[in-house]
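Engineer: Here is my input; please provide its structure:
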Amino acid sequence: MTETPAARQRIDKWLFFARIAKSRTLAQEWVAGGHVSVNGEKLRRPSAEVRIGDRLEVLAERRTYILVVRAAGSRRGPYEEARLLYDDESPPPERLTPFEQAQRAPGTGRPEKKDRRALDRLRSRLPVGSG
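Structural biologist: Below is the predicted model:
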């Protein structure tokens, strides 16, 4: 059985058309960063091709997608059209408690009192007129 040219597609285009990545550039970064594997092999080239039946594992920011390619995309259409390009075998997303959602990484967000005092100490050591 011979494959038609439409049965193969660049991985970055496919991720974009399937609405897994918000942009093709982001899809290229995921592939180059080793976050995408096809049939158990990590990809490093965004120009690598996927075929119908390939199993993809995509490690997105907070979620792991496990997808089986059903078709090649021709454009980035609405969700209903993009959903026809793959079978989703992903585990359900991890549920965070409200407390976990409210947590921030250290150093992000508004400075606390301790941070403000450290900034004030730093500024008082600088010569006058430099800041």
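Engineer: going forward, measure contacts between C-alpha atoms and count neighbours the same way
Structural biologist: Noted.
Engineer: what's the weakest-modelled helix or strand in this protein?
Structural biologist: Across the helices and strands of the chain, mean pLDDT, DSSP states H and E gives its lowest value to helix 98-102, namely a mean of 80.
Engineer: distance of the spatially closest residue to residue 35 that is not a sequence neighbour from residue 42?
Structural biologist: Excluding the flanking residues, the one nearest residue 35 by Cα to Cα, 6 or more residues apart in numbering is residue 59, at 5.1 Å. Distance from residue 59 to residue 42, counting by Cα to Cα, to the nearest Å: 11 Å.
Engineer: shared neighbours, the two?
Structural biologist: By Cα atoms under 8 Å, 6 or more residues apart in numbering, residue 59 and residue 42 have these common neighbours: 35, 36.
Engineer: max-length helix in the chain?
Structural biologist: helix 113-125 (DSSP state H).
Engineer: roughly how far is that helix from the heart of the chain?
Structural biologist: In terms of Cα atoms, centre = their mean, to the nearest Å, the centre of helix 113-125 is found 37 Å from the chain centre.
Engineer: Show me what the helix or strand where residue 9 lies is packed up against.
Structural biologist: Assigned by DSSP states H and E, residue 9 belongs to strand 8-10. Counting contacts by 3 or more Cα pairs under 8 Å, 6 or more residues apart in numbering; DSSP states H and E, strand 8-10 packs against strand 49-51.
Engineer: Could you list the residues in contact with the helix or strand that comes right after the strand it packs on?
Structural biologist: In the C-terminal direction, the helix or strand that comes right after strand 49-51 (DSSP H and E) is strand 55-59. If you take Cα under 8 Å, 6+ apart as the criterion, strand 55-59 is touched by 35, 36, 37, 38, 39, 40, 64, 65, 66, 67, 68, 69.
Engineer: And those residues, which of them are buried?
Structural biologist: Members of these that pass the buried threshold by neighbour count (16 or more other Cα atoms under 10 Å) are listed as 35, 36, 37, 38, 64, 65, 66, 67, 68, 69.
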